[in-house]
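> predicted model and sequence follow; I will ask about them next.
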Amino acid sequence: MANTSDVIIIGGGIAGTATGYYLAKHRLSVALFEQGHLCSGSTGRCIGGVRQQFTSASSIKLMMRSVELFAGMDQELDTEVHWHPGGYLFLAHDESNKQAFLDNIRVQRAAGLTDVRWVDAAEAKEIVPLLDTAGLLGGSYCPTDGQAYPFAVVNGYAQQIKQLGGSIHPFSEVTGILSQGGRATGIKLANGEEHHAPVVVNCAGPWAKEVGALAGIDVPVEPERHEALITEGVEYLGIPMLVDYRADGGYFQQFRHNGQFIGCYSPSPRVPGRSADSTFEFLAEMPRRMLKLVPALAQVKVIRQWAGSYEMTPDGNPVLDRAELGGFYVLGGMCGHGFMLGPAMGEAMAEFVRSGEKQPPFPEFALRRRFGQAEAMK
Ligand SMILES: Cc1cc2nc3c(=O)[nH]c(=O)nc-3n(C[C@H](O)[C@H](O)[C@H](O)COP(=O)(O)OP(=O)(O)OC[C@H]3O[C@@H](n4cnc5c(N)ncnc54)[C@H](O)[C@@H]3O)c2cc1C
């Protein structure tokens, strides 16, 4: 029958394209629908950071797997995704953050992430000679964390879905989920077309709740606005992702492939909703926060700012599960870490779908969990 595939995926960001690719590798026919262009959601608005430093054992292990996948991605996807293990350095300027990082390092090392270690201020300065270490007690450093280029990764996965016989449908908004006898059977598009499959995967990022509602499923994901900016490219200075948890801190890194600095900070108070408006406040404030850490950047010009959504769950952990409606799956709620988690989560989702297992592979990422245990390294 025309318009029929094994799996329909809703969403053309990292979650959808990674899941689609690993399903296609399992020889399932995949049709992916995206309301805009690929990367038009959160993935095209993220800053490309990839870290393994989390506090839930599942996130740490998944991120170690993601790093493996990123490292082999050029070859696997036959394209340059600009993976670079440039490291992440979380900075502690007070005793309570220092203690928290030391505790986290113990958890991370116990989960198998032996690359992470505490560095004192002097060693931090050796790693980042341009770092202003005033008031710095030290930091949590993992040299095998890194960066990749989101557009290249998503396009790489999408190309391979097509190579493997699947189809990608940009500018195709899903407006209905078809079902029969308690099972999903396909989707309806805004133009009235219907497409059929026994499996439908909701990878709609900040829209996961709305897409879930089309199937009568409550998906506990709420969007939250986050702003970012990027500078002109200058020579690569080897600065890892710097994460400053102070009230006027932020996080930024330099892309190795083009020398641009890219960064953001979490607004306080939080800004719920899906607005992608940019503010003058952020444009003035973010460079100040970057210069506080690396004063030498004063001469580097900001060239662009934008905003996008984090997709927040109540406990800061993602959702990877099947829903009450048979054949309807959800991968989302990555809480601002979806680019880095995407490859391993997409691989895990593909295996979950392929296996037909009833129980989700990570109980703490179940759709209907008790949202009690919070991820500390948000
Ligand atoms: C400023 C900022 C910085 C960030 N930095 C990082 C970082 O450094 N590292 C990191 O790992 N993460 C980062 N993130 C978070 C990361 O971008 C997200 O977690 C991730 O991109 C989520 O991917 P996704 O595929 O689930 O969602 P998305 O990329 O949003 O993809 C979902 C897609 O579904 C589509 N869609 C929605 N509804 C429909 C519909 N009805 N029909 C068809 N299509 C639909 C949307 O258009 C969208 O393209 C950042 C986010 C922001 C905003």
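Structure's in. What do you need? Numbering: from 1, shown residues only.

> which residues of the stretch 251-378 of the chain lie near the ligand?
264, 308-311, 332, 334, 336-340 (C-beta under 6 Å from any ligand atom). C-betas here are computed from N, CA, C, even on glycine.

> of these, which belong to strands?
Secondary structure from DSSP state E places 264, 308-311, 332 of these in strands.

> can you redo those residues as TSV with distance to residue 169, neighbour count and pLDDT?
Output for those, formatted as TSV (distance: C-beta to C-beta, whole Å; neighbours: other C-beta atoms under 10 Å; pLDDT from 0 to 100):
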residue	distance to residue 169	neighbour count	pLDDT
264	31	24	98
308	22	26	98
309	22	24	98
310	26	25	97
311	22	30	97
332	19	32	98
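
> pick the one among these closest to the ligand.
Nearest to the ligand among those: residue 308, at 3.1 Å, using C-beta to the nearest ligand atom.

> thought residue 58 was touching residue 364?
Yes. Assessed by C-beta atoms under 8 Å, residue 58 is found in contact with residue 364 at 5.8 Å.

> pull up the overlap in contacts between the two.
Here residue 58 and residue 364 have no joint contacts, going by C-beta atoms under 8 Å, 6 or more residues apart in numbering.

> ranges for the helices of the stretch 51-200 of the chain?
With DSSP state H, counting those that start in this stretch, the ranges of helices along the stretch 51-200 of the chain come out as 57-71, 73-77, 95-110, 121-127, 150-163.

> a markdown table for these, including distance to the ligand?
Formatted as a markdown table, the helices of the stretch 51-200 of the chain follow (distance: least, C-beta to the nearest ligand atom, whole Å):
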| stretch | distance to the ligand |
| --- | --- |
| helix 57-71 | 9 |
| helix 73-77 | 15 |
| helix 95-110 | 17 |
| helix 121-127 | 19 |
| helix 150-163 | 7 |
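
> between all of the residues of the stretch 251-378 of the chain next to the ligand, which two are separated the most?
Across those, the longest distance by C-beta to C-beta is 20.3 Å; it joins 264 and 332.

> model confidence score at the closest residue to the ligand within the stretch 101-250 of the chain, please.
Per C-beta to the nearest ligand atom, residue 205 is where the stretch 101-250 of the chain lies closest to the ligand, at 2.3 Å. pLDDT for residue 205: 98.

> ok, now the one 4 residues further on?
Reading off the confidence values, residue 209 has pLDDT 98.

> run a quick neighbour tally on it.
When neighbours are counted by other C-beta atoms under 10 Å, residue 209 registers 19.

> just residue 109 next, same as before
The tally of other residues near residue 109 (other C-beta under 10 Å) stands at 14.

> before we move on, what about residue 181?
6.

> from residue 19, how far off is the residue of the stretch 101-250 of the chain closest to the ligand?
As judged by C-beta to C-beta, to the nearest Å, residue 205 and residue 19 stand 12 Å apart.

> those two: who's more crowded?
Just comparing residue 205 and residue 19: by other C-beta under 10 Å the higher neighbour count belongs to residue 19, 32 against 29.

> surely that one and residue 331 touch.
Yes. Counting by C-beta under 8 Å, residue 19 touches residue 331, with 6.0 Å between them.

> now for these two: what residues contact both?
Common neighbours of residue 19 and residue 331 (C-beta under 8 Å, 6+ apart) are 201, 203, 345-346, 349.

> hmm, back to that, list the contacts for the residue of the stretch 101-250 of the chain closest to the ligand?
Per C-beta under 8 Å, 6+ apart, neighbours of residue 205: 11, 13, 15, 41-43, 309, 311, 332, 334, 338.

> rewinding a little: would a markdown table of the helices of the stretch 51-200 of the chain with mean pLDDT be doable?
Shown next, in a markdown table, are the helices of the stretch 51-200 of the chain (pLDDT from 0 to 100):
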| stretch | mean pLDDT |
| --- | --- |
| helix 57-71 | 96 |
| helix 73-77 | 98 |
| helix 95-110 | 97 |
| helix 121-127 | 98 |
| helix 150-163 | 98 |
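
> and residue 93, what is it in contact with?
Going by C-beta under 8 Å, 6+ apart, residue 93 touches 135-137, 244-246.

> now the residues you listed: which count as buried?
Applying 16 or more other C-beta atoms under 10 Å to those, the neighbour count classes 136-137, 244-245 as buried.

> got the confidence number for residue 375?
In this prediction, residue 375 has a pLDDT value of 66.

> so what sits opposite residue 169 in the bridge?
Applying DSSP bridges to residue 169 gives these bridge partners: residue 33.

> wait, it touches residue 34, no?
Yes. In this structure, residue 169 is within contact of residue 34 by C-beta under 8 Å, at 6.8 Å.

> out of those two, which sits in the busier spot?
A count of neighbours by other C-beta under 10 Å puts residue 34 above the other of residue 169 and residue 34, at 26 against 17.

> from the ligand, how far out is that one?
For residue 34, the distance to the ligand equals 5 Å [C-beta to the nearest ligand atom, to the nearest Å].

> spatially nearest residue to that residue (excluding sequence neighbours)?
Leaving aside its chain neighbours, residue 34 sits nearest to residue 12 (3.0 Å; criterion: C-beta to C-beta, 6 or more residues apart in numbering).
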